[in-house]
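# I would like the atomic coordinates for the input below:
(2 chains)
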Amino acid sequence: AQSVAQPEDQVNVAEGNPLTVKCTYSVSGNPYLFWYVQYPNRGLQFLLKYITGDNLVKGSYGFEAEFNKSQTSFHLKKPSALVSDSALYFCAVSSDGGHTDKLIFGTGTRLQVFP
Amino acid sequence: KAGVTQTPRYLIKTRGQQVTLSCSPISGHRSVSWYQQTPGQGLQFLFEYFSETQRNKGNFPGRFSGRQFSNSRSEMNVSTLELGDSALYLCASSPSGVGLNEQFFGPGTRLTVL
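From the prediction side, this is the model:
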């Protein structure tokens, strides 16, 4: 069965510093991986995805993620954090190799960026 | 283009009642998925509909049901509500239902069961 794990419940970082939010995956077949962000009282917003190709994926709001097949990881990164990046971040994997929209989400990581 | 809309935004019910939640996808989107979000269980998949057909169902009891109409709008119903059904219910839509693309989420319906 497909699954993703987010080992950190919360990540704290100072504004201007680089940030990393971790995600590891377990899939049979090709991994199709996603990052979504949730701001308070809002639905989820898509940040980026890895389907195939370059291991470094660039997404919205200056975020990027690095796909590492040997370490089965898909960590979210940003070179310089903003206070407005504070939110709940979810890693997700397609449950059936991309045949349908069903996603399996991680437990989420709360990012706090301090001024 | 208008985003995904969900109604109502907030709902308070008592145990044993039933509830219907509505989701209007982005115009032209044919796939609608539903998720339940709780602090303890995180985001759990409920159903996925594509062109009025349920393609996937999550591991929820039969009290949870859904449907999709010809205009792609979707409803989910929960009968005989339990306290544990209190959650944020999110729906998401996509144009083609091919799971390689971005999904667009609505703001959710916050259901409180007393």
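# ok, B:Gln17 to B:Phe104 distance?
Separation of B:Gln17 from B:Phe104 (C-beta to C-beta, to the nearest Å): 30 Å. C-beta: built from backbone N, CA, C; applies to glycine.
# those residues of chain B touching chain A, which are they?
By the rule C-beta under 8 Å from any C-beta of the partner chain, the part of chain B lying against chain A is B:4, B:31, B:33, B:35, B:42-43, B:45, B:48, B:50, B:55-56, B:90, B:92, B:94, B:97-100, B:102-108.
# so which residue of chain A comes closest to chain B?
A:Gly43 (3.4 Å; C-beta to the nearest C-beta).
# isn't that residue up against B:Cys23?
No. A:Gly43 lies out of contact with B:Cys23 (C-beta atoms under 8 Å); the separation is 10.7 Å.
# between those two, point out the one with more neighbours.
Neighbours were counted for A:Gly43 and for B:Cys23 using other C-beta atoms under 10 Å in any protein chain shown; B:Cys23 has more, 27 against 21.
# give me the element that one is part of.
Per DSSP states H and E, B:Cys23 falls inside strand B:19-24.
# now do the residue nearest the centre of chain B against B:Thr109, distance only.
The residue lying closest to the centre of chain B (C-alpha atoms, centre = their mean) is B:Trp34, at 3.3 Å. Applying C-beta to C-beta, the value for B:Trp34 to B:Thr109 is 10 Å.
# overlap in contacts, the two.
Counting by C-beta atoms under 8 Å, 6 or more residues apart in numbering or on different chains, the contacts common to B:Trp34 and B:Thr109 are B:Tyr89.
# thought the residue nearest to the centre of chain B was touching B:Cys91?
Yes. Using C-beta under 8 Å, B:Trp34 is in contact with B:Cys91, at 5.2 Å.
# list residues touching both of the two?
Joint contacts of B:Trp34 and B:Cys91 (C-beta under 8 Å, 6+ apart) are B:Cys23, B:Ser74, B:Met76.
# for the first one, give me the pLDDT.
The confidence metric pLDDT takes the value 98 at B:Cys23.
# swap in the second one?
Per-residue confidence for B:Ser74 comes out at a pLDDT of 98.
# burial count for it?
For B:Ser74, using other C-beta under 10 Å, the count is 25.
# ok, and what's touching the helix or strand encompassing A:Val113?
Counting by DSSP H and E, the element that carries A:Val113 is strand A:109-114. The contact list for strand A:109-114 (C-beta under 8 Å, 6+ apart) reads A:6, A:8-15, A:19, A:21-22, A:81-90.
# what does stretch A:84-93 give?
With contact meaning C-beta under 8 Å, 6+ apart, stretch A:84-93 is reached by A:2-4, A:6, A:19, A:21, A:23, A:25, A:27, A:31-40, A:44, A:47, A:61, A:74, A:76, A:78, A:103-106, A:108-113, B:43.
# report the distance from that stretch to the chain centre.
With C-alpha atoms, centre = their mean, to the nearest Å as the basis, stretch A:84-93 stands 6 Å off its chain's centre.
# tell me the contacts of B:Gly108?
A:Gly43, B:Gln6, B:Arg9, B:Gln37, B:Leu88, B:Tyr89, B:Leu90.
# for the residue in chain B that chain A sits nearest to, which non-adjacent residue is closest in space?
For chain B, the residue positioned closest to chain A under C-beta to the nearest C-beta is B:Phe105, at a distance of 3.4 Å. Nearest residue to B:Phe105 in three dimensions, chain neighbours excluded: A:Gly43, at 3.4 Å (C-beta to C-beta, 6 or more residues apart in numbering or on different chains).
# thanks a lot, catch you later.
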